[in-house]
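A.B. asks: Provide a 3D model corresponding to the input given below.
(4 chains)
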Protein chains: 2
Amino acid sequence: MTPQRRAIIQVLLESAGSHPTAEQIFTRVRDVMPDISHATVYNTLHELVEMGTLLELNLGMREQRYDINTTDHAHLICLGCGRVEDVPYDSEALTLSPEHTHGFQVVDCRVIFRGYCPACASQERHLRSSG
Amino acid sequence: MTPQRRAIIQVLLESAGSHPTAEQIFTRVRDVMPDISHATVYNTLHELVEMGTLLELNLGMREQRYDINTTDHAHLICLGCGRVEDVPYDSEALTLSPEHTHGFQVVDCRVIFRGYCPACASQERHLRSSG
DNA sequence: TCTTATTTTAGATTAATCCTTAATTTATAT
DNA sequence: ATATAAATTAAGGATTAATCTAAAATAAGA
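C.D. replies: Got it, this is the predicted structure:
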């Protein structure tokens, strides 16, 4: 446990619910530790993911997003602006029946609701009617 | 409708179920049309996605994967080797209750089951016990 | 055929992530 | 406290998927 890791974890805890990218985490850690390197942040994030205390989310944008909230939940993302919200979901309702597992050892399940947030929905409507 | 687009669509139809990456599609199209460019493949894929006849999948690997099968289904992916299988799921069972939409206009829902395929599961077990 | 709008190309560019190597730091045992 | 071994960090270059640009080529319609 190094000062760098403490700082990274601190930033992750402070940004709970905001689903930051690796780059955003890097920038925030830099604020309190200006000499930290890219590689350290990436390495640490990967270790935390490996340990299971951090979720790495592929929500369709180019970059990975990280979520310190490892309790069962789904994500709701805006296709317009990339905004991400946590939403509850019933993991019981979603199990893969044995005949469809292809012999896989299933570890978890990711659920992503996609749509448009209020702001982007109105803008979208505007774009559609004018173009 | 250009020969390039016909070739790309042809490749997509032939690779149904294999969830190819843009690069794989590019390579396969090259086999029958050696001078086609990267940009053309990317542009065409994006147009098909826009039209709704092609799905762009973010399954956690670095690259996007494409799926010509636009019927309601989920994906089962191997965290070891990246293998992807289509699996059925009951979209009825998975709706976001109105009080959790954050005002979003929800368009669709993506479900990804993650795990280890038979081959990777046994290898994983081996790795674990030896290191 | 001729015109216009669209598409394609080649190659440069971007951006996120990963890798390499040496120096530093931490943890451990004395 | 000190020595040692193991793990971590930093710097910056490498990689790679994807995107952009501007000019050339092509398709579609009159």
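A.B. asks: ok now do A:Gly60, which residues does it touch?
C.D. replies: A:77, A:79, A:112, A:114, B:56, B:58 (C-beta atoms under 8 Å, 6 or more residues apart in numbering or on different chains). Where you see a C-beta, it was placed from the backbone N, CA and C, and this is true even at glycine.
A.B. asks: what does A:Ala119 give?
C.D. replies: A:80-81.
A.B. asks: now do A:Ser91
C.D. replies: A:72, A:109 are the contacts of A:Ser91 under C-beta under 8 Å, 6+ apart.
A.B. asks: can you check A:Ala7 too?
C.D. replies: Applying C-beta under 8 Å, 6+ apart, the residues near A:Ala7 are A:29, A:32-33, A:36.
A.B. asks: what's the answer for A:Glu63, then?
C.D. replies: A:21-23.
A.B. asks: Also near DNA strand C: which of these, exactly?
C.D. replies: A:21-23 (C-beta under 7 Å from any atom of the strand).
A.B. asks: what's the burial count for the spatially closest residue to A:Cys120 that is not a sequence neighbour?
C.D. replies: Leaving aside its sequence neighbours, A:Cys120 sits nearest to A:Gly80 (C-beta to C-beta, 6 or more residues apart in numbering or on different chains; 2.8 Å). Neighbours of A:Gly80 under the rule other C-beta atoms under 10 Å in any protein chain shown: 16.
A.B. asks: Can you classify A:Gly80 by secondary structure?
C.D. replies: coil (DSSP: H, G, I helix; E, B strand; the rest coil).
A.B. asks: I'd assumed A:Gly115 was in contact with it.
C.D. replies: No - in this structure, A:Gly80 is not within contact of A:Gly115 by C-beta atoms under 8 Å, at 9.1 Å.
A.B. asks: Return every residue with contacts to both of those two.
C.D. replies: Common contact partners of A:Gly80 and A:Gly115 (C-beta under 8 Å, 6+ apart): A:Ala121.
A.B. asks: Do the longest strand that chain A contains and chain B come into contact?
C.D. replies: Taking DSSP state E as the assignment, the strand of chain A that covers the most residues is strand A:105-116. Yes - applying C-beta under 8 Å from any C-beta of the partner chain, one finds strand A:105-116 touching chain B at A:105-116.
A.B. asks: Good, wrapping up.
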